[in-house]
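> Could you work out the structure for the sequence below:
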Amino acid sequence: MDVSTTGARLTPTKPIDTTDEFLDWMTHLEDTLVQGQESKYSRCLELLRNRRDAVDDIIYRMNSFRDNLTDIQAHHRVVEEKTRDIQSLSDEILQEDTALGDMIHEIEARLAYFNDLEPITKLMHSPGENVCLDPDFIPYLGRLEECVDHLEANPTYKDAELYLMRWQQCLSRGLTLVKIYFSNGIRTQVAETEKKLVQITTGDSTAPLDLSILNTLLYVDFRTAAAKLQPLCYALETSALKHDEYQTLLQDCTSTYVLARSQLLSARVSSHLAHISQKYGQDRMDTIRMAFTFVMNLSGREYQLYFNFFTRESPSLSLCANLYNHFKPIIYSEPGVESLYEMYQTIQADIQSKDPTFGLHSDPVARTNHQPAANAPLSELQPFRDVVSHILDDVRARLVLRSKYFISQSIQRYTPTADDKRNMAGALAQDFVYLPLKDTQELLDKLQPVVLPSQLQGLANQAFQACIVALRALKPHAPDTKSPNGELLLDGFTRQQLSWLRAHLSDSDFDFHALQL
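Numbers count the residues shown, from 1 in each chain. Below you'll find the model as predicted:
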């Protein structure tokens with residue numbers, strides 16, 4: 001209440017004249033004051049009530065919020081549990097899906113072997129041998145190998161025997177087509193080459209080989225043909241390596257190849273070697289050296305050409321080794337031990353110049369186990385090893401045979417000439433050497449690094465026995481000679497020769513007392 005208003009109300013409206021008026025005014029004044037104080041209190045109380053109601057409303061709302069949060073929390077836990085359940089279920093579903101996917105892939109992979117059978121069978125049974133040139137042919141051969149291996153590893157499959165038989169039939173059909181196509185391709189190439197050679201040599205197959213023409217027609221053209229045939233040969237070799245039943249097809253191919261090359265080269269190689277012999281005439285070592293070099297170079301070319309078609313050496317690869325057959329007439333035309341020994345040394349020096357580690361001495365084990373030269377590829381050295389082995393075996397065999405003949409004719413049946421008898425009678429015992437003994441020593445010295453140890457022992461025994469027979473036959477022509485220590489010796493045996501004999505013979509082989517008078 002405004003003070004001015006309150007003051008106006010407390011002011012008497014008229015003058016107070018009596019006691020009753022004063023008392024009335026006092027009563028009025030008291031009522032007015034009390035009323036004013038209660039109004040303030042009422043307003044304050046009303047304000048407090050309003051604030052309390054507001055607080056109660058807030059508390060009510062807070063309790064509602066708390067209840068709502070509790071409900072939300074409970075629902076959240078329920079949702080979280082459901083989410084975990086769903087996630088676990090989803091993981092199981094994903095695992096099952098992955099397992100199903102793997103199973104599907106595995107089933108598809110297994111079915112692929114069977115699904116491939118129809119297109120492969122259709123291709124393999126296409127008419128004509130040119131089916132080998134189809135881009136899918138070689139991959140299909142590899143796929144057939146995989147199919148056969150897979151079914152052989154899983155014989156419990158339904159109808160496994162039936163499908164295995166069909167796959168093997170397709171593989172056999174395909175590899176047979178390879179053999180036919182290869183054989184026809186080689187024969188066609190040989191026919192074309194023969195035609196060109198006949199045109200160049202005017203029909204004379206015995207004409208000496210022109211090396212430049214040889215390289216072009218016999219090697220460049222064949223290497224060009226090999227570019228188309230080699231992948232087919234490799235597929236056949238791979239199958240033959242896994243399955244023995246296809247070895248025959250591979251051998252047919254290699255045999256066809258070797259026969260074709262022999263057809264081209266045989267007569268011309270023999271003619272060229274004859275031309276070399278005619279050119280160098282009586283110079284036997286030059287003839288041998290040139291012929292040997294020609295055969296070696298040709299063998300190297302043939303060996304390298306072979307591996308333009310094939311990747312593995314086959315027992316049918318006999319062309320390089322058989323080239324030495326053209327060398328045989330030169331070997332067997334040598335009648336003497338000395339010339340055969342020089343031939344051996346010439347061949348030895350030539351091959352060791354190409355491969356210093358090649359063991360060409362008499363020990364065949366060392367020759368077999370030798371290591372190739374570090375700077376020479378195996379493909380270049382292999383034909384030399386093959387051909388040289390055959391040539392040296394022939395030279396050795398011929399040398400052994402001629403040595404036996406020399407021992408029986410020149411040593412055992414030695415007949416001294418008149419000059420020999422005069423030399424025997426006039427020479428000092430310690431200076432003169434009997435020819436049979438000299439021949440025996442020289443022969444064995446030559447044979448020792450060439451022939452095998454077993455052969456050398458047999459020849460040594462034969463030579464020594466023949467030498468003894470010859471020396472005993474000479475005894476009547478030899479004067480008695482006494483050595484400085486008083487030992488009586490057969491004239492012609494020096495101390496050096498007697499020591500050499502003792503080093504090579506035991507007393508049981510040679511009766512040294514027979515030398516004493």
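
> Below-threshold pLDDT in the stretch 401-517 of the chain: ranges please.
Per-residue confidence for the stretch 401-517 of the chain (pLDDT under 70) gives these ranges: 418-434, 474-517.

> same question but for the stretch 251-400 of the chain, I mixed them up
281, 314-327, 354-387.

> so Asn184 touches Cys132, yeah?
No. Under the criterion of Cβ atoms under 8 Å, Asn184 is not in contact with Cys132, lying 10.2 Å apart. For glycine as for every other residue, the C-beta is placed from the backbone atoms N, C-alpha and C.

> Name the residue in the two with the higher neighbour count.
Cys132 (22 against 12; other Cβ atoms under 10 Å).

> Give me the number of neighbouring residues for Thr32.
Using other Cβ under 10 Å: Thr32 sits among 13 other residues.

> how about it, secondary structure?
Secondary structure, DSSP: H, G, I helix; E, B strand; the rest coil: Thr32 is helix.

> Look up how far Ser39 lies from it.
Computed with Cβ to Cβ, to the nearest Å, the distance linking Thr32 and Ser39 is 11 Å.

> Next: Thr216.
139 Å.

> Just the buried residues of stretch 113-121, please?
Tyr113, Asp116, Leu117, Ile120, Thr121 (16 or more other Cβ atoms under 10 Å).

> quick one: average pLDDT of that stretch?
Stretch 113-121 shows an average pLDDT of 83 in the prediction.

> Quick one: residues in contact with it.
Stretch 113-121 is contacted from outside by Tyr140, Arg143, Leu144, Glu146, Cys147, His150, Leu151, Tyr163, Arg166, Trp167, Cys170, using Cβ atoms under 8 Å, 6 or more residues apart in numbering.

> Mind doing that once more with 6 Å?
Tyr140, Arg143, Cys147, His150, Cys170 (Cβ atoms under 6 Å, 6 or more residues apart in numbering).

> same question, stretch 276-287
Met290, Ala291, Thr346.

> So which of these wins on neighbours?
Ala291 (21 neighbours).

> And the helix or strand encompassing that one, what's buried?
Assigned by DSSP states H and E, Ala291 belongs to helix 284-309. For helix 284-309, burial by neighbour count (16+ other Cβ under 10 Å) applies to 284, 287-292, 294-296, 298-306, 308-309.

> distance of Ser339 from Val78?
113 Å.

> With neighbour numbers in mind, choose between those two.
Set Ser339 next to Val78 and count neighbours by other Cβ under 10 Å: Ser339 wins out with 16 against 10.

> what helix or strand is that one on?
In this assignment (DSSP H and E), Ser339 forms part of helix 337-354.

> Relative to the whole chain's centre, how far out is the helix or strand where Thr70 lies?
Remark: Thr70 resides in helix 19-115, with elements defined by DSSP H and E. From the chain centre to the centre of helix 19-115 is a distance of 81 Å (Cα atoms, centre = their mean, to the nearest Å).

> Restricting to C-alpha, output whichever helix or strand comes after it in CSV.
Per DSSP H and E, helix 19-115 leads on to helix 117-124 as the next helix or strand towards the C-terminus. C-alpha atoms of helix 117-124 as CSV (Å, rounded to 0.1, in the frame of the first residue of the first chain):
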residue,chain,number,x,y,z
LEU,A,117,35.1,-83.5,-70.9
GLU,A,118,32.6,-82.5,-73.6
PRO,A,119,34.5,-79.7,-75.2
ILE,A,120,37.8,-81.6,-75.0
THR,A,121,36.3,-84.7,-76.5
LYS,A,122,34.8,-82.7,-79.3
LEU,A,123,38.2,-81.1,-80.1
MET,A,124,40.2,-84.3,-79.8
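
> starting at the chain centroid, how far to helix 117-124?
Distance, stretch centre to chain centre, for helix 117-124: 32 Å (Cα atoms, centre = their mean).

> Over to Gln251. Which of the three states is it?
Criterion first, three-state DSSP; result for Gln251: helix.

> Based on its surroundings, how many neighbours for it?
Gln251: 15 neighbours (other Cβ under 10 Å).

> if I look at it, how far off is Asp244?
Noted for Gln251: a distance of 11 Å to Asp244, by Cβ to Cβ.

> With Gln465 instead?
53 Å.

> Check Glu146 too.
19 Å.

> Which one of those two is surrounded by more residues?
Glu146 (13 against 8).

> what about the more buried one, distance to Phe307?
Glu146 is 27 Å from Phe307, by Cβ to Cβ.

> same check, this time on Leu133
Counting by Cβ to Cβ, the gap from Leu133 to Phe307 is 22 Å.

> Following the record's annotation, map out the domains of the protein.
By the assignment in automatic domain parsing, the chain contains the domains 3-102, 409-515.

> so where's the stretch 1-150 of the chain shaky on pLDDT?
1-12, 36.

> try 80 this time
Along the stretch 1-150 of the chain, the model assigns pLDDT under 80 to residues 1-17, 20-22, 24-25, 28-40, 109-113, 128-129.

> Count the neighbours of Val400 for me.
Using other Cβ under 10 Å, Val400 has 20 neighbouring residues.

> Secondary structure element for it, which one?
helix 378-406.

> For Arg396, which residues are in contact?
Contacts of Arg396 by Cβ under 6 Å, 6+ apart are Val451.

> That one and Asn308, how far apart?
34 Å.

> do Tyr157 as well
Distance, Tyr157 to Asn308, using Cβ to Cβ: 41 Å.

> Ala235 - nearest residue in space that isn't next to it in sequence?
Excluding its sequence neighbours, the residue lying closest to Ala235 (Cβ to Cβ, 6 or more residues apart in numbering) is Leu141, at 4.7 Å.

> Can you show me the CA trace of the helix or strand hosting the one you found as PDB?
Element membership of Leu141 [criterion: DSSP H and E] is helix 137-153. Provided in PDB are the C-alpha atoms of helix 137-153 (Å, rounded to 0.1, in the frame of the first residue of the first chain):
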ATOM      1  CA  PHE A 137      44.800 -78.200 -78.100                       C
ATOM      2  CA  ILE A 138      47.900 -77.900 -75.900                       C
ATOM      3  CA  PRO A 139      46.000 -76.400 -73.000                       C
ATOM      4  CA  TYR A 140      43.500 -79.200 -73.300                       C
ATOM      5  CA  LEU A 141      46.300 -81.800 -73.100                       C
ATOM      6  CA  GLY A 142      47.400 -80.200 -69.900                       C
ATOM      7  CA  ARG A 143      43.900 -80.200 -68.600                       C
ATOM      8  CA  LEU A 144      43.400 -83.800 -69.400                       C
ATOM      9  CA  GLU A 145      46.600 -84.600 -67.400                       C
ATOM     10  CA  GLU A 146      45.000 -82.700 -64.500                       C
ATOM     11  CA  CYS A 147      41.700 -84.600 -64.900                       C
ATOM     12  CA  VAL A 148      43.400 -88.000 -65.000                       C
ATOM     13  CA  ASP A 149      45.500 -87.200 -61.900                       C
ATOM     14  CA  HIS A 150      42.500 -85.800 -60.000                       C
ATOM     15  CA  LEU A 151      40.300 -88.900 -60.700                       C
ATOM     16  CA  GLU A 152      43.200 -91.300 -59.900                       C
ATOM     17  CA  ALA A 153      43.600 -89.500 -56.600                       C
END
